[in-house]
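In: Generate a structure from the sequence data that follows.
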Amino acid sequence: MNKNNSPVLLEIQDIHKKYDEKEILNGINLTLHKGEVLVVLGPSGCGKSTLLRCLNGLEKIQGGDIKFGDTSFTAKNIEWQKIHEKIGMVFQNYELFPHMTVIENILLGPLKVQKRDKTEALAQAEQLLDKVGLLDRKDSFPRQLSGGQKQRIAIVRALCMNPEIILFDEVTASLDPEMVREVLDVILGLAMQGMTMVIVTHEMAFAEAVADRIIFMDNGRICEESKPDEFFTNPKTERAKHFLNIFQY
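Out: Here you go, the predicted model:
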């Protein structure tokens, strides 16, 4: 299926973002279609993580607009809580509450924010935990888990809010190499199920395997946009070629 024919979920229109006088995002234009996996690549400091945080309202833009369906991020009456529910985010450092068990971490949003029925939410949480191989750890505390297990729990927590889009920000960067694969396999599974995702990663082989589209950023701009096979075999810009050479790709 050509995902470009699917409905547009997110439309990013000439967005700008500054910290003090430093421009982090400088005129980003993008569309994200339902079911699409967009992978964002680029050197450290190029604006990748800031872009993700702008896409669900954790950072406010200072120019341009982001539209999620009919909702404009520049509207005065925007309900940010609903945006955060529909555009989930999984962070590099898990962000699990250490004093809560796994199941308590997962159910916090569905029960406290979405006011869902506990029986229904618990059934969904246990089903998702089973899918990622961690149902037997539902009563464990984060300190009792490996990094890879914590990250899989963070993914389950995001999924349990029933988002339309999930943003992944370098979710394997803090993991030991042997734990990376277990997390990436979960994300690959989500891609196969049709989850709409935007992924920032430095895992080049994973990016090539999971992406429908690659964007390459540098200095707050999109320098290149292409299909993964084109990007990894024939990058158009010298900057992208240099970036791939660093990874010996």
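In: does the residue lying closest to residue 135 once chain neighbours are set aside belong to a helix or a strand, and which?
Out: Residue nearest to residue 135 in three dimensions, not counting chain neighbours: residue 129, with 4.4 Å by Cβ to Cβ, 6 or more residues apart in numbering. All C-beta spots, glycine's among them, are computed from the backbone N, C-alpha and C. Here residue 129, judged by DSSP states H and E, is contained in helix 118-131.
In: isn't residue 141 right next to residue 98, touching?
Out: Yes. Judged on Cβ atoms under 8 Å, residue 141 makes contact with residue 98 at a distance of 6.8 Å.
In: the more surrounded of these two?
Out: Shown here are residue 141 and residue 98; by other Cβ atoms under 10 Å, residue 141 has more neighbours (16 against 9).
In: residue contacts, the residue nearest to the more buried one when sequence neighbours are not counted?
Out: Spatially, and ignoring its direct neighbours in sequence, residue 141 is nearest to residue 101 (5.9 Å; Cβ to Cβ, 6+ apart). Counting by Cβ atoms under 8 Å, 6 or more residues apart in numbering, residue 101 touches 138-141.
In: let's see it at 7 Å
Out: 139-141 (Cβ atoms under 7 Å, 6 or more residues apart in numbering).
In: swap in residue 210?
Out: Residue 210 makes contacts with 37, 39, 187-188, 191, 199, as judged by Cβ under 7 Å, 6+ apart.
In: now the longest helix anywhere in the chain and helix 118-131, what's the angle there?
Out: For the chain, the helix that runs over the most residues, judged by DSSP state H, is helix 177-192. For helix 177-192 against helix 118-131, the angle by axes from the mean of the first three to the mean of the last three Cα atoms, to 10 degrees is 120 degrees.
In: For the helix or strand just after helix 177-192, which outside residues touch it?
Out: Next helix or strand after helix 177-192 toward the C-terminus (DSSP H and E): strand 196-200. Residues from elsewhere that reach strand 196-200 (Cβ under 7 Å, 6+ apart): 9, 32, 34-40, 48-49, 52, 55, 164-170, 190-191, 210.
In: picking up where we left off before, how close does the residue nearest to residue 135 get to residue 155?
Out: As for residue 129, its distance to residue 155 is 10 Å (criterion: Cβ to Cβ, to the nearest Å).
In: what's the closest residue to residue 147 other than its chain neighbours in contact with, if anything?
Out: Of all residues not flanking residue 147 in the chain, residue 175 sits nearest, at 4.7 Å (Cβ to Cβ, 6+ apart). Applying Cβ under 7 Å, 6+ apart to residue 175 gives the contacts 147-148, 151, 183.
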